[in-house]
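Visitor: pasted the sequence and its predicted model underneath.
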Amino acid sequence: MVRIRLARRGRKKLAIYDVVVADQKAPRDGRFIERVGIYNPNSNPASIELDDERALYWVLAGAQPSDTVKAMLSYRGVLLKKHLQIGVLKGAITQEDADKRFEEWKQQKESKISGKVDSLAAQKEAATKARLEAERKVNEARAEAIQKKVDEENASKEAVAKAKEEAEKTAAEAIKQQSAGEEAPKAEEAPESTEEEKPSES
C-alpha cells in the first residue's frame with residue numbers, strides 16, 4: 001500500500017518534515033517514491049508548502065494519507081478538490097461548477113488565514129508594547145531608587161559637614177573666649193603702709 005506521510009529532517013528541536021509518497025513498509029526516513037511538499041511546524045501559523053496537483057493525483061490514485069497529512073490536505077483543500085473531482089467523474093456536477101466552488105472555498109480560506117496572521121501580528125505588537133512599558137516602569141523605579149539613595153547620601157554628607165562646621169565654630173569661640181580671659185589686665189593691688197615707712201619725727 002502506498003501512503004502519504006511525513007519524513008523528518010532538520011536539527012534537534014527544530015525539525016522540518018518532507019511530505020512524501022512512500023511504500024507503507026519503507027522506513028519513516030527511508031526511501032520514498034516522490035516528495036510532494038514541506039511542513040514546517042516551527043513557524044506560527046505552521047508553514048505548509050504543498051504541490052496540490054501531485055498530492056491530488058496520489059490521493060485519487062488510492063494513496064492513503066497519515067492523520068497529520070490528512071489534516072494538511074484538508075487545510076489546503078486537496079480533499080475538497082478530490083470530492084468535487086469525484087462528483088465531476090460521476091456526472092453529478094460540471095467541471096466549471098467544481099472549479100467555482102473550489103475558488104469560493106479558497107478565497108474564504110485565504111481570508112481566514114490572513115485574519116489569523118493579522119491577529120497574531122497585532123497580539124505580538126501588543127505584547128511588545130506591554131513588555132517595553134513594563135521595562136520602562138522598572139527602569140523608572142530603579143532610577144528613582146538610585147536618586148533617592150543619592151539624595152540620602154548627599155543629605156547625610158551635608159549633615160556631617162554642618163555638624164563639623166558647628167563643632168569647629170564652637171571650638172573657635174571657646175578658644176577665643178579663653179584667649180580673651182588670659183589677656184585681661186590684672187587689677188593692681190594698693191601698697192600696704194607700714195610704720196617703718198613713716199618719716200621719723202625729729
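Guide: Happy to help now that I have it.
Visitor: the nearest residue to Y39 once chain neighbours are set aside: how many residues sit nearby?
Guide: Closest residue to Y39 apart from its sequence neighbours, by C-beta to C-beta, 6 or more residues apart in numbering: Y17 at 4.4 Å. Backbone N, C-alpha and C define where each C-beta goes, glycine included. When counting by other C-beta atoms under 10 Å, one arrives at 20 neighbours for Y17.
Visitor: state the mean pLDDT of whichever strand or helix holds Y17.
Guide: Assigned by DSSP states H and E, Y17 falls within strand 14-23. If you average the pLDDT over strand 14-23, you get 90.
Visitor: let me see the contact set for the residue nearest to Y39.
Guide: Taking C-beta atoms under 8 Å, 6 or more residues apart in numbering as the criterion, Y17 is in contact with L6, A7, R8, R9, I38, Y39, N40, P41.
Visitor: which of those residues count as buried?
Guide: Neighbour counting with 16 or more other C-beta atoms under 10 Å marks L6, A7, I38, Y39 as buried within the contacts of Y17.
Visitor: hang on, the first one in a strand?
Guide: Yes: assignment of L6 by DSSP: H, G, I helix; E, B strand; the rest coil places it within a strand.
Visitor: which residue packs closest to it, ignoring adjacent ones?
Guide: Sequence neighbours aside, Y17 is the residue nearest to L6 in space, at 4.0 Å (criterion: C-beta to C-beta, 6+ apart).
Visitor: how much space between that neighbour and G37?
Guide: 9 Å (C-beta to C-beta, to the nearest Å).
Visitor: centre of the chain to the lengthiest helix in the chain, how far?
Guide: As assigned by DSSP state H, the longest helix anywhere in the chain is helix 95-183. Helix 95-183 has its C-alpha centroid displaced from the chain centroid by 16 Å (C-alpha atoms, centre = their mean, to the nearest Å).
Visitor: show me the shaky parts of the chain.
Guide: Scanning the chain for pLDDT under 70 picks out the ranges 181-202.
Visitor: any idea which residue sits dead centre in it?
Guide: Central residue of the chain (C-alpha atoms, centre = their mean): R131, 6.1 Å from the mean position.
Visitor: and that residue, how close does it get to V138?
Guide: Taking C-beta to C-beta, one finds R131 at 11 Å from V138.
Visitor: likewise for A98?
Guide: Distance, A98 to V138, using C-beta to C-beta: 59 Å.
Visitor: when the two are compared, which one has more neighbours?
Guide: Ranked by neighbour count (other C-beta under 10 Å), A98 and V138 place A98 first, with 19 against 10.
Visitor: surely the more buried one is in contact with Q85?
Guide: Yes: under the criterion of C-beta atoms under 8 Å, A98 makes contact with Q85 at 6.7 Å.
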